[in-house]
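Peer 1: Sequence first, then the predicted structure, then my questions.
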Amino acid sequence: MNLHNQIKQLIIDSLDLEDVTIEDIDTDAALFGEGLGLDSIDALELGLAIKKEFDVKIVANSDATKAHFFSVASLASFIESQRV
């Protein structure tokens, strides 16, 4: 499974999105607000899940972190940059 699909599945599993499939999540669409419609509580849960799954450090409440969490594509770029 590629990283984008891994992240999508992690979003679905960690946030209990029962009626959502990997295909329903647009890789480049916003995860919060207009896009997938996630909220700040979802952000915390997703952050913990990503930290656990991919072993990356996430700084809470930073502008950079908000940018990383914009979309599946931006999360994938962030995770890949942390794997070096």
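Peer 2: Now that the structure is in, tell me what you want to look at. Numbering: from 1, shown residues only.
Peer 1: Okay, helices next: where are they in this protein?
Peer 2: Taking DSSP state H, the helices of the chain run over residues 3-14, 40-54, 63-68, 72-82.
Peer 1: what's the average pLDDT for the third one?
Peer 2: For helix 63-68, the mean per-residue pLDDT is 88.
Peer 1: residues of that helix that come out buried?
Peer 2: residue 68 (16 or more other CB atoms under 10 Å). From N, CA and C alone the C-beta is placed, and that goes for glycine too.
Peer 1: what do you get for the longest one?
Peer 2: Of the residues in helix 40-54, those buried under the neighbour-count criterion (16+ other CB under 10 Å) are 42-43, 46-47, 49-50, 54.
Peer 1: got it, and the last one?
Peer 2: In terms of neighbour count (16+ other CB under 10 Å), helix 72-82 has its buried residues at 72, 74-76, 78-79.
Peer 1: That one packs against which elements?
Peer 2: The contact analysis (3 or more CB pairs under 8 Å, 6 or more residues apart in numbering; DSSP states H and E) places helix 72-82 against helix 3-14, helix 40-54, helix 63-68.
Peer 1: In terms of mean pLDDT, which of these ranks lowest?
Peer 2: Among those, helix 63-68 carries the lowest mean pLDDT, a mean of 88.
Peer 1: just checking, what packs against that one?
Peer 2: Helices and strands touching helix 63-68, as assessed by 3+ CB pairs under 8 Å, 6+ apart, comprise helix 72-82.
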